[in-house]
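*Asks:* Sequence and predicted structure below; questions after.
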Amino acid sequence: MITRRTTLSAGLGAAALAVLPLKVAASAVDEAITRFTGGAAISDGGITVIAPEIAENGESVPVEIDAPGASEIMILATGNPTPAVVRVRFGEASGTSRLATRLRLGETQDVVALAKMPDGSVLRGATEVRVTIGGCGG
Amino acid sequence: MSNVRPRIRLPRSAKAGDVVQVRTLISHPMETGNRRDTDGSVIPRQIINRFTCEYAGKIVLEAELEISVAANPYFEFDVKVEESGDFVFTWHDDDGSVYSETERLELS
């Protein structure tokens, strides 16, 4: 028998299911961030993330991170199933804490960069990239 | 893995104390393990999972790569050169292969 109540609860269940993948993705991002920071507090700024506003092809999106003074950086594609992209430790022969590379982006999303500073603090920068054709296709 | 070819771009000349730009690229499919072939079977993951650069015996950078690095991994970065020396680049493949490239920079 279909009553108003059962219809409502079925609707709520469907809504909860629809939200679930987003929650999973968010926690994958959180996990990747915690692996990098070791739980240290994160402050915004002091790090530049340069990426195109619109990427026609998500298979190869140029991204440049500039984090003056950082000893280590990590790039996260927050909308990808595997959000951690690359983690780089700069050694003593490094000239600047700058890195340019190319990412795969599955959909429109924020590209986030974290930088570990020598005093143990962590900086965060981000920029949104709108992706026309996703780069994680099968 | 075959057909893997590293390419390096260094400045032609530099002086002691300069910060020089280095560009590297290695031809590699960076197979994510999420794709299927035409028969529907999963194509196994095979990526470059680690890249390192040293100059004159000192570490420039060490990178840990995941599947969201685009095919043909490209890295551009800056190196402080204090003396003439060898650049040593290494790429580590999931299949255990290590690809290495050495290029010398003589300071003027």
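*Replies:* Looks like it came in fine.

*Asks:* going forward, measure contacts and count neighbours with C-alpha atoms only.
*Replies:* OK.

*Asks:* Could I get the full set of strands for chain A?
*Replies:* For chain A, applying DSSP state E gives strands covering A:42-44, A:48-50, A:54-57, A:61-66, A:72-77, A:84-90, A:98-103, A:109-116, A:122-133.

*Asks:* what pLDDT does the nearest residue to A:Thr96 once chain neighbours are set aside get?
*Replies:* Here the nearest residue to A:Thr96 in space, its sequence neighbours aside, is B:Asp78; by CA to CA, 6 or more residues apart in numbering or on different chains that works out to 5.7 Å. Here, the pLDDT recorded for B:Asp78 equals 97.

*Asks:* B:Ile43 now?
*Replies:* The pLDDT attached to B:Ile43 in the predicted structure is 95.

*Asks:* One more: the one 3 residues further on?
*Replies:* With respect to pLDDT, B:Gln46 scores 97.

*Asks:* Next, count neighbours for the nearest residue to it once chain neighbours are set aside.
*Replies:* The shortest distance from B:Gln46 to any residue that is not its chain neighbour, by CA to CA, 6+ apart, is 4.9 Å, and that residue is B:Glu31. A total of 17 residues lie near B:Glu31 under the criterion other CA atoms under 10 Å in any protein chain shown.

*Asks:* Then B:Gly40?
*Replies:* Other residues near B:Gly40 number 8, with proximity taken as other CA under 10 Å.

*Asks:* now do B:Ser108
*Replies:* When neighbours are counted by other CA under 10 Å, B:Ser108 registers 9.

*Asks:* Might one say that it is in contact with B:Arg12?
*Replies:* No - applying CA atoms under 8 Å as the test, B:Ser108 and B:Arg12 come out as separate, 10.3 Å apart.

*Asks:* still on that earlier bit, surely the residue nearest to A:Thr96 is in contact with A:Glu92?
*Replies:* No - under the criterion of CA under 8 Å, B:Asp78 lies out of contact with A:Glu92, with a separation of 11.6 Å.

*Asks:* higher neighbour count, the two?
*Replies:* For B:Asp78 versus A:Glu92, neighbours defined as other CA under 10 Å are more numerous around B:Asp78 (21 against 14).

*Asks:* Return the residues in contact with the more buried one.
*Replies:* Contacts of B:Asp78 were listed using CA atoms under 8 Å, 6 or more residues apart in numbering or on different chains, and they are A:Ser94, A:Gly95, A:Thr96, A:Ser97, A:Arg98, A:Leu99, B:Val19, B:Val20, B:Gln21, B:Val22.
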